[in-house]
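In: any chance you can model this:
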Amino acid sequence: MADQTEISFAGLFFCSAFAACFAELCTIPLDTAKVRLQLQKRAALSGEGGSPKYKGLLGTIVTIAKEEGLLALWKGIIPGLHRQFIYGGLRISLYGPVKAFCSGGNVLADDVSLFQKILAALITGAIAITLANPTDLVKVRLQAEGKLPPGAPRRYSGALNAYYTIIKEEGLVALWTGLGPNIARNAIINAAELVSYDQVKQTILRIPGFTDNIITHLLAGLGAGFFAVLIGSPIDVVKSRMMGDSIYKSTLDCMVITLRVEGALAFYKGFLPNFGRLGSWNVIMFLTLEQIRRLFS
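Out: Got it, this is the predicted structure:
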C-alpha cells in the first residue's frame, strides 16, 4: 500500500471507511449471490431431492431479481455499510501502525518482512471484525432471507429491526454468533488482501515502465482478491452457514456436517461469485482508497 506516514490516523480511517463503503455498495449483489449459494444445502441436509434452486453467479442473480425484485440484490446493504465503516476503516488504518510496531518501527516497505506484514494484518483483521461482528451477522441474516409465501410475515423488517429482534429473542451475546470463524476468516482474508496487495504492488513497481498509477493499483487489487478467496473461502462458507441459521452446535460441528453431507468441495461452494465479489471489491476499494488518500495527503 502507499506510504501512510503522509496522512493522520483519523484521515486514513475516513479514507479507508469511505473506500470500503463505496466498494460494498457497488458489489453487494455479488455478495448476496455468494451467500445464497453457500447456504444452499437445506435439501441435502433434510434428505430432499431435486435440483438446486441457484446455479452459478449470473443464474443466482437472475433468479433473485426475478423472484424477489431487483432491490433484493442489495438486501443487507445497510448493515453492510455499517460493517465496512467499522471493519474496513479500522483494518486498513491500523495496518500501517501495527506493521511498523511488528517490524520494530520500520515504515519503509523494503524494511518490513513478509512475516511481519502477515502478523500485522492478522492482528488488525481480528480487532476490526470483533467490533464489527454484529453488523456482519445482521447482513448475512437479511441476505439469507428468500422470497416468502404471500401473507407470510418477514423475520426482519430492516437492519435496525434485525438488531432489536436478535437481542430480544436471542440475547445480546447472539450478535457475536459465529465470532470464532468470523475472526479466523477475516483475519486470514485481511492478511491475504493487504499483504498480497503490498507484495504485488511492490513487485510491479520494480518492473521497468511501471509507476504508482491506476494500472498498478488495478493489478495489485486483482491479486489481493484472488489470494483472499483462495485462502479464505472454506472459512467464509462456515461463517455464512453458522450466521445463516442455528442448526450447528459449533464451528467444528458445521465443518463436520458440511464435509460429511456435501464433501470437501462444498467449502469452495460459491468460489466464482466469491472471487467476482472480492476481486471486484478489492479493485474498487484500493483504487478509491489510493485516489482519496492523495486528496488528504
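
In: from here on, contacts and neighbour counts on C-alpha atoms
Out: OK.

In: in the stretch 151-297 of the chain, which spans are helices?
Out: Per DSSP state H, counting those that start in this stretch, the stretch 151-297 of the chain carries helices over the ranges 159-170, 179-205, 214-244, 251-262, 271-296.

In: quick one: work out the angle between the fourth one and helix 214-244.
Out: The directions of helix 251-262 and helix 214-244 differ by 90 degrees, with axes from the mean of the first three to the mean of the last three C-alpha atoms, to 10 degrees as the criterion.

In: check the last one too.
Out: Relative orientation of helix 271-296 versus helix 214-244 (the same axes, to 10 degrees): 130 degrees.

In: from now on call the first residue 822
Out: Sure, I'll start numbering at 822, so the last one becomes helix 1092-1117.

In: roughly how far is helix 1092-1117 from the heart of the chain?
Out: In terms of C-alpha atoms, centre = their mean, to the nearest Å, the centre of helix 1092-1117 is found 12 Å from the chain centre.

In: picking up where we left off before, which one of the helices of the stretch 972-1118 of the chain lies nearest to Leu958?
Out: Closest approach to Leu958 among the helices of the stretch 972-1118 of the chain (C-alpha to C-alpha): helix 1035-1065, 5.9 Å.

In: pull out the buried residues from that closest one.
Out: Neighbour-count burial for helix 1035-1065, counted by 16 or more other C-alpha atoms under 10 Å, picks out 1037-1039, 1041-1050, 1053-1065.

In: quick one, that helix and helix 1000-1026 angle?
Out: If you take the same axes, to 10 degrees, helix 1035-1065 sits at 170 degrees to helix 1000-1026.

In: determine the set of other helices and strands touching helix 1035-1065.
Out: Judged by 3 or more C-alpha pairs under 8 Å, 6 or more residues apart in numbering; DSSP states H and E, the packing partners of helix 1035-1065 are helix 830-860, helix 935-965, helix 1000-1026, helix 1072-1083, helix 1092-1117.

In: go with 7 Å
Out: Here helix 1035-1065 touches helix 830-860, helix 935-965, helix 1000-1026, helix 1092-1117, going by 3 or more C-alpha pairs under 7 Å, 6 or more residues apart in numbering; DSSP states H and E.

In: right, and those helices - which one's nearest Val1077?
Out: helix 1000-1026 (14.0 Å).

In: centre of the chain to that closest one, how far?
Out: For helix 1000-1026, the distance to the chain centre is 11 Å (C-alpha atoms, centre = their mean).

In: tell me which other helices or strands that helix touches.
Out: Other elements packing on helix 1000-1026 under the criterion 3+ C-alpha pairs under 7 Å, 6+ apart are helix 935-965, helix 1035-1065.

In: how about that helix: buried residues?
Out: Using 16+ other C-alpha under 10 Å as the test for burial, helix 1000-1026 gives 1000, 1002-1023, 1025.
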